[in-house]
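In: need coordinates for the below:
(one chain, ligands or ions: 1)
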Amino acid sequence: MAEGAVVIVGGTAGIGRQLAQSYVDEGREVVITGRDTERAQSVAEELGGSSASGVGFDLADPHCIADALSGVGTVDYLVLAAIERDVNTVKEYDIDRAIRLATLKLVGYAEVLHCLHPKLHDDSSVLMFGGLAKERPYPGSTTVTSVNGAVETMVRTFATELAPIRVNALHPGIVGDSPYWEGNDAVIEATKARTPTGRLATMADVSAAARFLLENRSVNGVNLAVDGGWVIL
Ligand SMILES: NC(=O)c1ccc[n+]([C@@H]2O[C@H](COP(=O)([O-])OP(=O)(O)OC[C@H]3O[C@@H](n4cnc5c(N)ncnc54)[C@H](OP(=O)(O)O)[C@@H]3O)[C@@H](O)[C@H]2O)c1
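Out: Below is the predicted model:
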């Protein structure tokens, strides 16, 4: 395989950043993205090594994505991990927030792939992040549940259209040590109590699963839950 870059959209924070760090530590060329170029570049510096760089664009404004990604070279692995959560119920509905999140995951993820597919090669792979809100809605998850459900179906269309490039998705349950859930002990404890393993997945668990999906050359079209069995209870 050519030594192309690992591109992580949503690599400035949380799970994406942890995954970026694991590839930087191996000396891989890594491109991370977030909404703001300066912040993305500064996080890339924090990751260390000379092989990380940062790019800024707003996935909810898909027309700007092609320009922002025009400097990216050959890509071995493309990870689509970004999210800008809303809290929406059908009874109290914020249209603007819903449009941002729906655009971000449905159109933004697809447009990144559209822009970068000429930079992928036959052995490249793509990994999208959904999440188990697709199976387990909670009050306020109307949009999150919908877009993460859509990720499951996008795996199938993208893997078909881009073959032989592999496309998979990872659907975590609540990732106990991720920044988003910090301080939310009530949700963490309640979820743990319903998880057969008695513990929540960690960012390290999710990062290892992400690398398996990206790197195993026979894994394709898979939607993988990483949740300690939470959805079966
Ligand atoms: N954490 C969990 O427990 C959990 C559970 C289930 C599923 N997931 C899924 O796992 C993925 C990562 O979650 P996380 O909690 O690690 O995320 P996070 O810490 O909230 O980080 C979100 C990332 O997305 C970027 N981003 C946000 N809005 C953006 C926009 N409009 N355009 C471009 N980039 C944007 C952020 O960059 P900047 O802030 O630099 O702009 C950041 O890099 C998500 O897809 C999420 O749905 C996570």
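
In: so how far is residue 164 from the residue of the chain most remote from its centre?
Out: The C-alpha centroid of the chain is most remote from residue 91, which lies 28.6 Å away (CA atoms, centre = their mean). Per CB to CB, to the nearest Å, residue 91 is found 46 Å from residue 164. The C-beta positions use only the backbone N, C-alpha and C, and glycine is treated the same way.

In: rewinding a little: SS state for the residue farthest from the centre of the chain?
Out: Using DSSP: H, G, I helix; E, B strand; the rest coil, the structure places residue 91 in coil.

In: can you give me the distance of the residue nearest the centre of the chain to the ligand?
Out: Centroid-nearest residue in the chain: residue 81, 1.6 Å away (criterion: CA atoms, centre = their mean). From residue 81 over to the ligand the distance is 4 Å, taken as CB to the nearest ligand atom, to the nearest Å.

In: now do residue 149
Out: 12 Å.

In: lowest-pLDDT helix or strand in the protein?
Out: helix 185-193 (a mean of 95; mean pLDDT, DSSP states H and E).

In: what packs against the longest helix seen in the chain?
Out: Longest helix of the chain, by residue count under DSSP state H: helix 142-162. With contacts taken as 3 or more CB pairs under 8 Å, 6 or more residues apart in numbering; DSSP states H and E, helix 142-162 sits against helix 95-102, helix 109-116, strand 120-129, strand 166-172, strand 223-226.

In: if anything else comes up later, I'll come back, but that's it for now.
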